[in-house]
Structure formats: structure tokens, C-alpha cells
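Chemist: next one to model:
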Amino acid sequence: MQEKPSLKKQERYTREEKGRRLIRQAKDLYYYRNPEKAVSFFYQGFTLIGLWTLVHAFVKRHRSWTYEHQLELLQLLDVKYQLNLNFWELSAILEFAKEKQQQADRENFYRSFKKELLRRHPKTVKDLLHGYMLFYGHNYMDAIEYLERLLSEYGTTFDRFQLYRLLQEQEQILKVEALEYALLHPTHSFAKLDVLSGRDFEQFLSDFFRHCGYMVSLTKSSYDGGCDLVLERFQERTAVQAKRQKNPVGKKAVAEVYASKNLYHCQRALVISSSSFTTLAKKLALVNEVELWDRKHLLREIKQHHFK
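Modeler: Numbers count the residues shown, from 1 in each chain. Purely as a prediction, here's the structure:
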């Protein structure tokens, strides 16, 4: 006697049948030049049969996918899941998935942005703008749209010109404060760089990045795996190797910090030197997307963020 399928199996079959039916309808819509509705049907269909996670994973892995990458995915969908899509249908699906991922990334960034700015408990709009300027320094236009959104949530709206003027005022205030501090404290942070030990240089950088709004972790000096500090802000982690030396820093430091990215679950890598870098180090950094800060760059960042 043949067993009846369980309710869970029946439900799974029903979802898959419905999903495949939606995908067939989507293909017809795409053929008859209704791509927006077609993509919506593709999304619903892929979600019902449990394949949207595969599309999502593809987009996260290949932010800028190639023709060959897309052909591989077409083959996978055809051979394993019996979904016969053409190149243009899959292109539309992937672009839709990329847009959804970008929206999610923007929302995640905004939540982190809001949390970081409110962590200082600003009481007035000026306090909020002051904290924003400490975060972004000279690059204060980079996240202006998120600042506008945060202000509007609290019932304050400015047009872009007004907000730009207020931020310029805050920038001037920070510059004056930094100038006053430099006059009253002749042994400014710049002069300290050449007398610090290696570990003290790491602590100096830790204080600087905390001032800029990062969460900072100093690694153990006994075995750091090529990473001296881990920075985290807005859900992005950066592995940092600090080199306090007079001679130019070589390619070894670049290779070490690049290798430490996975060890410390970081998305970016950075080497900071109190001197400069060799030509080979610069070439290796360029190939592996490792950021380099030499002495001039570091001092420029310190000035821009008004670090005392």
C-alpha cells in the first residue's frame, strides 16, 4: 500500500509548483516586454522554491560579475534546478537582487551611523553636527544624506545650502580649538611620533581612531598575526599594522596585514607608517587593495580630524 505524502511534503510540493508557475509567467511577461512586472514574479518564484538565497549569495560574492560568472550561474540553475533561463532574464534578476542588496546595505549603514552619532548623547543640533564633524573631518560631505535623514527624524530640516553652511561653521570652530590647543601645548601630537616606542605608537593610533568615532581593539603583541589594531565603524572592520620606524616600510608589512584580514574578520586592510614606503610595498598594496598611510598622510588625517 502506497504511503500518503506528509503534510510538510505536500506543502513543499505546493510551494515549489507555485514558484515554478510564477517563473513561467515571469518569462512570458519578459518576452512581452514587461520587465518590471516580470522581475517581481521572478523574485516571488525564486523565493517560493528557496533559490533567492542562491541569487543573493551570488550578488554578494560578485559585486561586479562578469559574463563568465553569469554563464556559470545559468548552468547551475539549469543542470541542478531545471530552471531554463536566458541570459537577459538572468541579467534582470541579478540587477534587481543587486539593487535590493544596496538598499539593505544603505539601511545597515544608516543604523550604524545613527547609533554612532547618538552615542555621545547630543542635546542640540549643534552638538550633533559637532559630533558628525569629528567623525568625518574634511570629508564631511561623504555622508550628508544620512545626516539629513537623521535630522529629519528628530523634526529638524535644513536645505542642503543651510546644512553646508552650518557644517562649515563647525569646521571653523574645530580649527580654532585645535589652533588654541597647539599654542598652549607646544609638544603637539606631531612631535611625539619620533620618540614613541612601537607599542606606544599603536596606543597613539588607538587614541586617534577612537577620537574619530571608531571602536578600536589592540591585538596581543606576542602574536598579532600581522595586525596591531582592529577598527570597527558602521559595520566595517579594518585590520591595521602600525610601523614606527625611520626607514621606509617594505612589502613584508603589506603581505602580513593582507593575510590578517581573514584572521580578524576584516573587510579592509591598512598599514600606517611614521616614515614612508618602498616602491615594492606600494606595488603590492595596489594589487591587494591594501591602504597605505605614510607620515604625511597620517599628519594630514590628524589635522583634518582636529586630534589634540
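Chemist: domain boundaries for this protein, per the record?
Modeler: 7-106, 119-184, 189-304 (automatic domain parsing).
Chemist: residues touching the residue nearest to residue 233 when sequence neighbours are not counted, list them.
Modeler: Of all residues not flanking residue 233 in the chain, residue 214 sits nearest, at 4.6 Å (Cβ to Cβ, 6 or more residues apart in numbering). Any C-beta I mention is one placed from the backbone N, CA and C, and that applies to glycine too. Residue 214 is in contact with 231-233, counting by Cβ atoms under 8 Å, 6 or more residues apart in numbering.
Chemist: so where's the chain shaky on pLDDT?
Modeler: Scanning the chain with the threshold set as pLDDT under 70 gives 1-13, 181-192, 221-224, 308.
Chemist: extract the C-alpha trace of the strand ranked longest in the chain and format it as CSV.
Modeler: Taking DSSP state E as the criterion, the chain has its longest strand at strand 236-243. Extracted in CSV, the C-alpha atoms of strand 236-243 (Å, rounded to 0.1, in the frame of the first residue of the first chain):
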residue,chain,number,x,y,z
GLU,A,236,33.0,47.7,8.6
ARG,A,237,36.2,46.2,10.2
THR,A,238,39.7,47.2,9.2
ALA,A,239,43.0,45.4,10.1
VAL,A,240,45.8,47.9,10.8
GLN,A,241,49.5,47.3,11.1
ALA,A,242,51.4,50.2,12.7
LYS,A,243,55.1,50.7,11.8
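Chemist: for it, enumerate the helices and strands it packs against.
Modeler: The helices and strands touching strand 236-243, judged by 3 or more Cβ pairs under 8 Å, 6 or more residues apart in numbering; DSSP states H and E, are helix 198-211, strand 229-233, helix 251-263, strand 268-273.
Chemist: please identify the deepest-packed of those.
Modeler: Mean neighbours per residue, mean count of other Cβ atoms under 10 Å, is largest over the helices and strands packed on strand 236-243 for strand 268-273, with a mean of 22.
Chemist: that strand packs against which elements?
Modeler: Short answer (3+ Cβ pairs under 8 Å, 6+ apart): strand 268-273 packs on strand 236-243, helix 251-263, helix 279-288, strand 291-293, helix 295-304.
Chemist: sheet-wise, list the partners of it with their directions.
Modeler: Strand 268-273 has the following sheet partners, assigned by DSSP bridges: strand 236-243 (parallel), strand 291-293 (parallel).
Chemist: adding distance to residue 242, write the helices and strands packed on strand 236-243 out as a markdown table.
Modeler: A markdown table is the format used below for those (distance: least, Cβ to Cβ, whole Å):
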| stretch | distance to residue 242 |
| --- | --- |
| helix 198-211 | 5 |
| strand 229-233 | 7 |
| helix 251-263 | 9 |
| strand 268-273 | 5 |
